[in-house]
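S.K.: could you look at this predicted model? Sequence included:
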2 protein chains.
Amino acid sequence: MTLSFPPDGLVSELRDQGFKITTPRYQVIEWVTGQQEDNFTAEEAAAALDSIGRATVYRTLKLLLDQGLICRVILNDGGICYRLSHKGHHHHLVCVSCGATEDIHLDDVENVIQRVRESTEYELVGHRLEVYGFCPRCKSAQTGL
Amino acid sequence: MTLSFPPDGLVSELRDQGFKITTPRYQVIEWVTGQQEDNFTAEEAAAALDSIGRATVYRTLKLLLDQGLICRVILNDGGICYRLSHKGHHHHLVCVSCGATEDIHLDDVENVIQRVRESTEYELVGHRLEVYGFCPRCKSAQTGL
DNA sequence: GTCCATGCAAAGATTTTGCAGGTCC
DNA sequence: GGACCTGCAAAATCTTTGCATGGAC
């Protein structure tokens, strides 16, 4: 019921950047923002939005990714899926069993990165931290409790 | 000249686990251990080892990955490649321009993870941290210096 | 000798592209 | 009205699989 993250935000972001808000694009955004706490694959989005051309779904996802409006999640097995990018830098806590994902905010990672910065010749531009584990539900299922 | 990481290590690891050391398998291992500091894609391995069936190369890489003898590197653009897994847990410093990768050892990441462990219901089993930046060479090329 | 591994080729899965036509601003 | 976007279908990647044959132990 609560649409705490309405499409409008993404729509205006895109419009501000000079992208046209077409009907297919709007539908993708609407669907994506409806995923709130779930991550999804490009395939799932394409399947759910079957009135829209596959290519358009892929193109729109790439656009949203480039604009930082969605982010990639790397699963433990290397699988790739997407997720609404709630504002601000954050990391992911991913269930190795069901793929459920939560955002986590870890300020002290910055300190770690800062230490890397001081000890390398690289000019750092970003980082990605994914933490893997069993979510409460899968943990229970696993132990049989 | 210096083969600081000879195939032998990987070979005996596999043998100890009861896997047969066949000629094709040995050739893949030999090539992989020759990559020392470079990462490579499955495609590159298959291309370099064209006397071996594609499927075998893929199967062997998966085997090495499952055994922890090589590890995956996630590039900034989401691309996936592999790399010799030097012993012990480590992270990667990846050039966003050329893909060059260095291992980095960050003990204090454990503290961050420990803090996550204390504040979540998840049962943590692992994590992945990739740090992105421009390597010295690409940094120079970029500024035109 | 037995079981596992290989090779091939085909199938599968996923993503990109060319281009004619349509739509937003 | 012009530039950008879409849809389709084909192509391009990348990876897996079935099955008969061959090789390691």
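M.R.: Right, received. Where do you want to start?
S.K.: bridging residues for the most centrally placed residue in chain A?
M.R.: Geometric centre of chain A, nearest residue: residue A:83, 2.4 Å, by CA atoms, centre = their mean. Beta-bridge partners of residue A:83, counted by DSSP bridges, are residue A:71.
S.K.: next: residue A:134.
M.R.: According to DSSP bridges, beta-bridge pairing links residue A:134 with residue B:123.
S.K.: state the pLDDT value of it.
M.R.: Residue A:134 carries a pLDDT value of 93.
S.K.: pull out the buried residues from the worst-scoring helix or strand of chain A on mean pLDDT.
M.R.: Least confident helix or strand, chain A: helix A:136-143 with a mean of 83, by mean pLDDT, DSSP states H and E. Buried residues in helix A:136-143, defined by neighbour count with 16 or more other CB atoms under 10 Å in any protein chain shown: A:138-139. C-beta coordinates here come from the backbone N, C-alpha and C atoms, glycine included.
S.K.: so is it next to chain B?
M.R.: Yes: under the criterion of CB under 8 Å from any CB of the partner chain, chain B is reached by helix A:136-143 at A:136, A:139.
S.K.: chain center to that helix, what's the gap?
M.R.: In terms of CA atoms, centre = their mean, to the nearest Å, the centre of helix A:136-143 is set 24 Å apart from its chain centre.
S.K.: returning to that earlier point: give me the pLDDT for the residue nearest to the centre of chain A.
M.R.: What the model reports as pLDDT for residue A:83 is 92.
S.K.: show me what contacts it?
M.R.: Residues in contact with residue A:83 (CB atoms under 8 Å, 6 or more residues apart in numbering or on different chains) are A:35, A:38-40, A:70-73, A:92, A:101.
S.K.: can you do 6 Å?
M.R.: Counting by CB atoms under 6 Å, 6 or more residues apart in numbering or on different chains, residue A:83 touches A:39, A:71, A:73, A:101.
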